[in-house]
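K.L.:
Have a look; sequence and predicted model below, questions after that.
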Amino acid sequence: MSSRIGIITGGGDCPGLNAVIRAVVKAAAQRDWECVGILGGFDGLLEPARFRHLDYHEMDALLFVGGTVLGTANQGRFAAKTGDGQVNVIPKAILDEARESFHRLGLKALVVVGGDGSLTIAQQLFDHGIPLVGVPKTIDNDLEATDLTFGFDSAMAAATDALDRLRTTAESHRRVMVLELMGRHAGWIATSAGIAGGGDVVLIPEIPFTYDVVCQKIMERSHIGKHFTLVVVAEGAREEGHGETTTGKSAADRETRLGGIGTVVAEEIQRRTGKETRVCVLGHLQRGGAPTSFDRLICTRFGVCAVQLIADGKFGRMVALKGFNTVDVPIPEAIGHLRTVPPAGDLVKTARSLGISFGNA
Ligand code: F6P
């Protein structure tokens, strides 16, 4: 029986990928297993296969280094997702090639670290005969079957820090500051950072907004002597009756690129209220840099749990966090349907109880 496992990081990067790689390699070394990293996402499995051996001794500094030493891609020949709920069947020839490569590398299993798109690919590879386990990654925190994905806490920390910084300048200038955050279909980052960073208005994809309500909140604040307002906008937020704001044209095999809603919202606020308004787009600063200590912890626990699943022969399963425990769930439970912020759930209720407006009546 082979004692070599492979690791792939797929989709958009996020803080903590390297921490997972490190944990997998260290836990595998305890069992005298060798680890091979597939380079550049799933396409690294295709001919000519791109991979590197992962040496136990090289892993130490990886705990706090952002990005992924293996490289990743959210495009390429494996594109299985081009939108929420849309699943493309990967051509059989590609799946065959990946399986051949898997065997040629002498692997006994793969650890696939990814979000909805990568785990959708993983499921198809698994159905095609490749033993694998999944680790849930995405700053958006929108995967089903786990209470949290890694990367989210780090993104939320970056967003909260941005709000702290914007608050002082907003207050000094008596301005409205609009902060555009990532969160394609889910407003977890915007809502959580909105609460943690003292936002006044939070606009998320799950709750379409109207400018009347947004501007009413800003004016109400003015009337009680608060001459500045922090507006947090998820990139996927939309005005009632309107679609998402996109940037440029997207390639056919990729998800639509979102962006620009912050500027649209800021201009409309200034036009309606006469208040000087500025916009800040945090963008990929949410995805780069060192993971928070919480993310380091769950990445490490996830990596160790993934190795244990392989040892137990529990393939086709994803590591998950339930409460404060690591568990495993079938990959299909995590994919196909995104976990969005429940508009009537505890998080939104908490925010509303603080007086945060979601821009709806
Ligand atoms: O899914 C994670 C995410 O960060 C989204 O919030 C965002 O829309 C997207 O990735 C951006 O991806 P790209 O790397 O293509 O700019």
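P.N.:
Arrived safely. Numbering: from 1, shown residues only.
K.L.:
Buried residues in stretch 307-325, which are they?
P.N.:
For stretch 307-325, burial by neighbour count (16 or more other CB atoms under 10 Å) applies to Val307, Gln308, Leu309, Ile310, Gly316, Arg317, Met318, Val319, Ala320, Leu321. C-beta here means a position set from N, CA and C on the backbone, and glycine is covered the same way.
K.L.:
Can you list phi and psi of the residue in the stretch 201-350 of the chain that the ligand sits nearest to for me?
P.N.:
For the stretch 201-350 of the chain, the residue closest to the ligand is Leu258, as judged by CB to the nearest ligand atom, at 5.1 Å. Per-residue torsions, Leu258: phi -90, psi 160 (degrees, to the nearest 10).
K.L.:
That one against Arg238, yeah?
P.N.:
No. Leu258 is beyond contact range of Arg238, at 10.0 Å (criterion: CB atoms under 8 Å).
K.L.:
For the closest residue to the ligand within the stretch 101-250 of the chain, which residues are in contact?
P.N.:
Taking CB to the nearest ligand atom, the ligand has its nearest neighbour within the stretch 101-250 of the chain at Met182, 3.4 Å off. Applying CB atoms under 8 Å, 6 or more residues apart in numbering to Met182 gives the contacts Ile139, Asp140, Ala155, Ile189, Ala234, Glu235, Leu282, Gly283, Gln286, Arg287.
K.L.:
got the buried residues for the host helix or strand of the fourth one?
P.N.:
Assigning secondary structure by DSSP states H and E places Ile189 in helix 188-196. Burial within helix 188-196, assessed by neighbour count using 16+ other CB under 10 Å, is assigned to Trp188, Ile189, Ala190, Thr191, Ser192, Ala193, Gly194, Ile195.
K.L.:
Please convert those residues to a markdown table, extending it with distance to Gly16 and pLDDT.
P.N.:
Below are these laid out as a markdown table (distance: CB to CB, whole Å; pLDDT from 0 to 100):
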| residue | distance to Gly16 | pLDDT |
| --- | --- | --- |
| Trp188 | 16 | 98 |
| Ile189 | 15 | 98 |
| Ala190 | 20 | 98 |
| Thr191 | 21 | 98 |
| Ser192 | 17 | 98 |
| Ala193 | 17 | 98 |
| Gly194 | 22 | 98 |
| Ile195 | 22 | 98 |
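K.L.:
near the ligand, which of those show up?
P.N.:
The subset of these lying close to the ligand, counting by CB under 6 Å from any ligand atom, is empty.
K.L.:
And these, which is closest to Gly336?
P.N.:
Within these, proximity to Gly336 (CB to CB) peaks at Trp188, which comes in at 18.5 Å.
K.L.:
residues in contact with that closest one?
P.N.:
Residues in contact with Trp188 (CB under 8 Å, 6+ apart) are Asp140, Asn141, Asp142, Phe152, Met156, Val341.
K.L.:
cool, and Asp140?
P.N.:
Per CB under 8 Å, 6+ apart, neighbours of Asp140: Gly115, Thr149, Phe152, Met182, Gly183, Arg184, His185, Ala186, Trp188, Ile189.
K.L.:
And the residues you listed, which of them are buried?
P.N.:
Gly115, Thr149, Phe152, Met182, Gly183, Arg184, His185, Ala186, Trp188, Ile189.
K.L.:
Quick one: which of these has the lowest pLDDT value?
P.N.:
Minimum pLDDT across those is recorded for Arg184, with 91.
K.L.:
wait, that one sits on Glu255?
P.N.:
Yes. Assessed by CB under 8 Å, Arg184 is found in contact with Glu255 at 7.1 Å.
K.L.:
ok, back up a step: what about the residue of the stretch 101-250 of the chain closest to the ligand, distance to Pro205?
P.N.:
When distance is defined by CB to CB, to the nearest Å, Met182 is 11 Å away from Pro205.
K.L.:
Over to Ala122?
P.N.:
25 Å.
K.L.:
which one of the two has more residues nearby?
P.N.:
A count of neighbours by other CB atoms under 10 Å puts Ala122 above the other of Ala122 and Pro205, at 30 against 24.
K.L.:
Run through who's touching the one helix or strand that one maps to.
P.N.:
Ala122 is part of helix 116-127 when elements are defined by DSSP H and E. The contact list for helix 116-127 (CB under 8 Å, 6+ apart) reads 8, 10-11, 41-42, 74, 78-81, 87, 89-90, 95, 98-99, 110, 112, 114, 132, 134, 136-138, 142-143, 255, 315-316, 318, 331-332, 334-336, 338.
K.L.:
tell me the mean pLDDT for that helix?
P.N.:
97.
K.L.:
Only alpha carbons, please: show that helix as CSV.
P.N.:
Written as CSV, here are the backbone C-alpha positions of helix 116-127 (Å, rounded to 0.1, in the frame of the first residue of the first chain):
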residue,chain,number,x,y,z
ASP,A,116,-17.6,25.3,-3.1
GLY,A,117,-16.0,25.3,-6.6
SER,A,118,-13.0,23.1,-5.7
LEU,A,119,-15.0,20.7,-3.7
THR,A,120,-17.5,20.3,-6.6
ILE,A,121,-14.5,19.3,-8.7
ALA,A,122,-13.3,17.0,-5.9
GLN,A,123,-16.6,15.2,-5.8
GLN,A,124,-16.4,14.5,-9.5
LEU,A,125,-12.8,13.2,-9.2
PHE,A,126,-14.0,11.1,-6.3
ASP,A,127,-16.9,9.7,-8.3
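K.L.:
After that helix, which helix or strand is next?
P.N.:
As assigned by DSSP H and E, the chain's next helix or strand after helix 116-127 is strand 132-136.
K.L.:
got the angle between that following strand and helix 116-127?
P.N.:
170 degrees (axes from the mean of the first three to the mean of the last three CA atoms, to 10 degrees).
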